[in-house]
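Student: test case, fold it:
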Amino acid sequence: MSDQRYDLRDYDPVRDRETTHRIWQETGWIDDDKKDAMDAFIKSSTNSLVGDIKGEAECIVLTASGNMRYQEDELKLSGITSVATSRLARKRGLAGKLTALGVARDADNGAEVSALGIFDQGFYNRLGFGTGSYEVWHSFDPRTLKIPLEPDIPERFTLEHWKEIHESRKQRMRGHGGCNFDTPEVTRSDMEFAKKSFVLGYSSGDSITHHMFVRVRNVDDGPYSIGWMAYRTMEQFLELMALIKSLEDQVKLVHMREPPGVQLQDLLQRPFRYRQITARSKFENKTSTDAYWQLRILDLERCVERTRVGPGTVDFNLQLHDPIEGLLEGDTHWKGINGDYVVRFGAESSVEKGTKGSLPILKASVGAFSRLWLGVRPASTLAATDDLRGPVSLLKELDRLLRLPQPHIDWDF
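Tutor: Numbering: from 1, shown residues only. Now for the predicted structure:
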């Protein structure tokens, strides 16, 4: 070990339970009544890792397996679901090294991409992650919804239905970038961590066809926050929105993320007027955006092979820099994807190690290239704002060819 002040190892539920509770309490993530929920969350993880200082866990990193939709294909996902460090272990590089180890272990087990939610931009760039798309959040009075239908009487679902709710989430309509997680305990934990919440939806036989999970700040009049929606058709989406509208006599504000592919403003009456007349009030109607998730490629060959674009092709040499290599400690086969490659994007895309002298050169960090490949931003923009460089002619060809839908993970973690 290069730094003898700490040790990286697997979580031990007997040895580490109390110390990891303390870590999450020091970060403000749990109160005393949520310790059991944290235990269940850890148990559901693919990897549970801790960093020791003086023999006690002072950092914990959790990962969960799943998949991500890329165009019409599925990629194996490593979701970094928790990175937490105690107060005495901050600014020592422990969280970065422990997260790198979790990423590498998942890559060894076949994960092709990794994603996480960020506390701020910059930290995870050091592990090769690049910022994802903006997510749009709307706060609105449900009375302003324009929904041309009456919803059927919904069913109440509770924590007892956590497996069925998880399956409903997995079966939901997903677009480019949409993520799912394998173990239903992930959904159970999401529900248990909420202090006040409820689930309304509809079922057919033993299957929940569409539902919404709602967190409540003030039961009396709101705000209510839509934690997630799961639906398989746009008709089911509109029925869930009609359910939200049905709360209008009591609830004065609803907060929700704009669903992928939907422009929620289309369903709101006089949105600018209501923003003006509610400005700076407890029930302010507003719209905000944040890019709060990041992603990186783990398996370059598998990811590039999934890309189908056209007409035409573009071939280039890729000089890829992967900063995670310098953070990796421990016995893992995967050491990042740093290196020189020959890439083709087209109807059939490919990548191979090496160089071809006649081809133009694209130099990029793995984070910037991941953003390009996923369709977050075009090459010419990334060349101006991120760590990506190449001839103008190559950048324009990549701009023309890589016209992918905006990616949305549609599952916060």
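
Student: now Ile23: which helix or strand?
Tutor: helix 13-26 (DSSP states H and E).

Student: check Thr63 too.
Tutor: Going by DSSP H and E, Thr63 is part of strand 56-70.

Student: the helix holding Ile23 packs against which elements?
Tutor: With contacts defined as 3 or more Cβ pairs under 8 Å, 6 or more residues apart in numbering; DSSP states H and E, the packing partners of helix 13-26 are helix 35-43, strand 56-70, strand 73-85. Where you see a C-beta, it was placed from the backbone N, CA and C, and this is true even at glycine.

Student: for Leu200, which of the ones you listed is the nearest?
Tutor: helix 35-43 (21.9 Å; Cβ to Cβ).

Student: quick check: what element follows the closest one along the chain?
Tutor: Counting by DSSP H and E, what follows helix 35-43 is strand 47-53.

Student: ok now that next one, how far from the chain's centre?
Tutor: With Cα atoms, centre = their mean, to the nearest Å as the basis, strand 47-53 stands 22 Å off its chain's centre.

Student: what angle do that strand and strand 73-85 make?
Tutor: Strand 47-53 runs at 30 degrees relative to strand 73-85, counting by axes from the mean of the first three to the mean of the last three Cα atoms, to 10 degrees.

Student: domain parsing for the protein?
Tutor: 6-131, 136-290, 300-401 (automatic domain parsing).

Student: give me the beta-bridge partners of the nearest residue to Gly390 once chain neighbours are set aside?
Tutor: Nearest residue to Gly390 in three dimensions, chain neighbours excluded: Leu362, at 4.1 Å (Cβ to Cβ, 6 or more residues apart in numbering). Per DSSP bridges, the residues bridged to Leu362 are Leu318.

Student: which residues touch Leu362?
Tutor: Contacts for Leu362 (Cβ atoms under 8 Å, 6 or more residues apart in numbering) come out as 316-319, 343, 369, 379, 388-390, 394, 398.

Student: now with 10 Å?
Tutor: Contacts for Leu362 (Cβ atoms under 10 Å, 6 or more residues apart in numbering) come out as 314, 316-320, 341, 343, 368-369, 372, 379, 383, 388-391, 394-395, 398.

Student: pLDDT score for it?
Tutor: What the model reports as pLDDT for Leu362 is 98.

Student: likewise Gly330?
Tutor: 74.

Student: the nearest residue to it once chain neighbours are set aside and Leu77, how far apart?
Tutor: Spatial nearest neighbour of Gly330, excluding adjacent residues (Cβ to Cβ, 6+ apart): Leu101 at 5.2 Å. Going from Leu101 to Leu77 by Cβ to Cβ, to the nearest Å gives 18 Å.

Student: how about Gly357?
Tutor: From Gly357 to Leu77 the distance is 36 Å (Cβ to Cβ).

Student: show me where the stretch 51-200 of the chain has its strands.
Tutor: Listed in chain order, the strands of the stretch 51-200 of the chain (DSSP state E, counting those that start in this stretch) span 56-70, 73-85, 113-117, 130-131, 135-140, 155-157, 179-181, 197-204.

Student: tell me which strands the fifth one pairs with, and in which orientation.
Tutor: Strand 135-140 has its sheet partners listed here by DSSP bridges as strand 254-257 (antiparallel), strand 286-290 (antiparallel).

Student: let me have those in a markdown table, extended by mean pLDDT and mean neighbour count.
Tutor: Shown next, in a markdown table, are those (pLDDT from 0 to 100; neighbours: other Cβ atoms under 10 Å):
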| stretch | mean pLDDT | mean neighbour count |
| --- | --- | --- |
| strand 254-257 | 98 | 20 |
| strand 286-290 | 97 | 13 |
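
Student: now render those strands as a markdown table, adding distance to Glu348.
Tutor: Below are these laid out as a markdown table (distance: least, Cβ to Cβ, whole Å):
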| stretch | distance to Glu348 |
| --- | --- |
| strand 254-257 | 35 |
| strand 286-290 | 35 |
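
Student: for Ala84, which of those strands is the nearest?
Tutor: strand 286-290 (20.8 Å).

Student: what lies in contact with the closest one?
Tutor: Contact with strand 286-290 is made by 118, 133-140, 253, 255, 257-258, 264-265, 268, 271-272, 274-275, 278-279, as judged by Cβ under 10 Å, 6+ apart.
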